[in-house]
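Asks: Generate coordinates for the sequence data below:
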Amino acid sequence: MSSEVIKIGFGETSPLHIIKKCLEECGYLDDVERGDFVGIKVHVGERGNITHLRPQIARVIVDVLKSKGARVFLFDCNTLYRVGRWNSVDHIETANLNGFSYATVGAPFIVGDGLLGRDEIALKTGFEEVEVAYVGSVVRDLDYLFVLTHFKFHGLFGYGGAIKNIGMGIASRRGKLFLHSEVKPRVLKERCKGCGECMVNCPAGAITVENTATINPEVCIGCGMCVITCKEGAIKSEWSSARDTAIKTLYYTKAILDKVGRATYLNVLMDVTPHCDCLPTSKLLAVQNIGFLLSKDVVAIDSASYDMVSAAQPLPGLNISEKRDKAKALFEDSADMNEILEIAEKIGLGSRKYLLKDFE
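Replies: I've put the predicted structure just below:
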């Protein structure tokens, strides 16, 4: 069965006006109830990046949700890497710097997994492949999830869409470590200062400290709390393959959506860059601006986004061959989006079949 995906293009009328009208008339937000805590999942972009989501788009969504009596906020969870969004203080400052302030978007931006990414809940998935998903504690109290996603290319996933925005984006730091790595962590002795914080926070008692920390691999359970705790960046893990990371992310997305229950998705197909918004710069665009997609099906909206970007004429400067998958041309080792979407459909995330409707 096909799922509906609404397309909003560019024309004489501001797309912001059309998005607002579409949200008010399409019925997708009829399941929002007065008093609901509605979290708008965003990626505010890294410092130095200027092709991230436009905060004006978030403002339109906020205004429509508020008109329904919802308690609205924007959120994201902290990153695993240590740049401008790895803790709540830096993350909120980055959000404000990139335009996601209350004055602009009309709602507060919060960090969903606490000061250092440790505020989490464990969701049982019901799948053997990934039995537990560690996600930001914000998920516990969410009544409704609105997923606002900048669709772009990504070095690991091939494309960064709504599925990645949820599964990877809402994972706590421990969850993100699991998604990226299956190998138990090791200590970089030259960086370790022997402070003992990793030992104190190790739930398995696998760490001892004598001048520097030592991890007993036979006792270590691979939870990653030591990596999260170490402020010196002295504990590292080996990364999984792009395919494994992408597949595990699907199970995280399923667990989150099952927990929240109600959701709507808006993908932004403009400023489609050959890199994630995590990059602290902005390179040449990959394709011309396409528009905006709205759906109640996370697989359908990512499938439609993928199809549209795949069909779009590549812009000069990136040396993308029209005969190749654009993501594979940019990142040879990235995950295969077709395979990932097929697995997403198989585990019950949604339908790859979609019915595209234009809204004007």
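Asks: Show me the contact partners of the host helix or strand of Leu145.
Replies: Leu145 is located in strand 144-150, with elements delineated by DSSP states H and E. Identification of contacts with strand 144-150 by C-beta atoms under 8 Å, 6 or more residues apart in numbering yields 31-32, 36-43, 52-53, 57-58, 61, 65, 70, 160-162, 165-166, 256-257, 260, 262-268, 271, 277, 298. Heads up, the C-betas are built off the backbone N, CA and C, glycines and all.
Asks: Quick one, which of those residues are buried?
Replies: Buried members of those, counted by 16 or more other C-beta atoms under 10 Å: 32, 36, 38-43, 52-53, 57-58, 61, 65, 70, 160-162, 165-166, 256-257, 260, 262-268, 271, 277, 298.
Asks: Among the residues you listed, which lie within strands?
Replies: With DSSP state E as the criterion, strands contain Val38, Gly39, Ile40, Lys41, Gly160, Ala263, Thr264, Tyr265, Leu266, Asn267, Val268 from among the buried ones among the contacts of strand 144-150.
Asks: Please name the bridge partners of the fifth one.
Replies: This means Gly160. On DSSP bridges, the residues paired with Gly160 through beta bridges are Lys152.
Asks: residues touching it, list them.
Replies: Contacts of Gly160 by C-beta under 8 Å, 6+ apart are Thr149, His150, Phe151, Lys152, Phe153, His154, Cys276, Asp277.
Asks: what's the most distant pair in those residues?
Replies: Spatial extent of those (C-beta to C-beta) is set by the pair Thr149 and Phe153 at 13.3 Å.
Asks: isn't there a helix covering Ser305?
Replies: Yes: judged by DSSP: H, G, I helix; E, B strand; the rest coil, Ser305 forms part of a helix.
Asks: Can you tell me the number of residues neighbouring it?
Replies: One way to gauge burial is a neighbour count; for Ser305, by other C-beta atoms under 10 Å, it gives 27.
Asks: Check for me that Pro280 belongs to a helix.
Replies: No: using three-state DSSP, the secondary structure at Pro280 is coil, not a helix.
Asks: ok, it - how many residues close by?
Replies: Burial of Pro280, expressed as a neighbour count using other C-beta under 10 Å, amounts to 13.
Asks: repeat for Glu232
Replies: Glu232 has 13 neighbouring residues, counting by other C-beta under 10 Å.
Asks: Work out for me the element it sits within.
Replies: In this structure, Glu232 sits in neither a helix nor a strand according to DSSP H and E.
Asks: Enumerate every residue touching the nearest residue to Pro108 once chain neighbours are set aside.
Replies: Take Pro108 and drop its neighbours on the chain: the residue closest to it by C-beta to C-beta, 6 or more residues apart in numbering is Phe73, 5.1 Å away. By C-beta under 8 Å, 6+ apart, the contact set of Phe73 is Phe37, Val38, Gly39, Ile40, Ala107, Pro108, Phe109, Ile110.
Asks: what would the contacts of Gly160 look like in JSON lines with distance to Phe331 and pLDDT?
Replies: Listed next are the contacts of Gly160 as JSON lines, based on distance: C-beta to C-beta, whole Å; pLDDT from 0 to 100:
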{"residue": "Thr149", "distance to Phe331": "19", "pLDDT": "98"}
{"residue": "His150", "distance to Phe331": "17", "pLDDT": "98"}
{"residue": "Phe151", "distance to Phe331": "16", "pLDDT": "98"}
{"residue": "Lys152", "distance to Phe331": "12", "pLDDT": "96"}
{"residue": "Phe153", "distance to Phe331": "7", "pLDDT": "93"}
{"residue": "His154", "distance to Phe331": "8", "pLDDT": "91"}
{"residue": "Cys276", "distance to Phe331": "11", "pLDDT": "91"}
{"residue": "Asp277", "distance to Phe331": "16", "pLDDT": "94"}
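Asks: want to try TSV for those, with distance to Leu293 as columns?
Replies: Below are those laid out as TSV (distance: C-beta to C-beta, whole Å):
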residue	distance to Leu293
Thr149	9
His150	12
Phe151	8
Lys152	14
Phe153	17
His154	17
Cys276	19
Asp277	18
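Asks: Packing partners of the lowest-mean-pLDDT helix or strand in the chain?
Replies: When the helices and strands of the chain are compared on mean pLDDT, DSSP states H and E, helix 225-229 comes out lowest with a mean of 80. Here helix 225-229 is seen to pack against helix 173-180, helix 197-201, strand 235-236 when contacts are counted using 3 or more C-beta pairs under 8 Å, 6 or more residues apart in numbering; DSSP states H and E.
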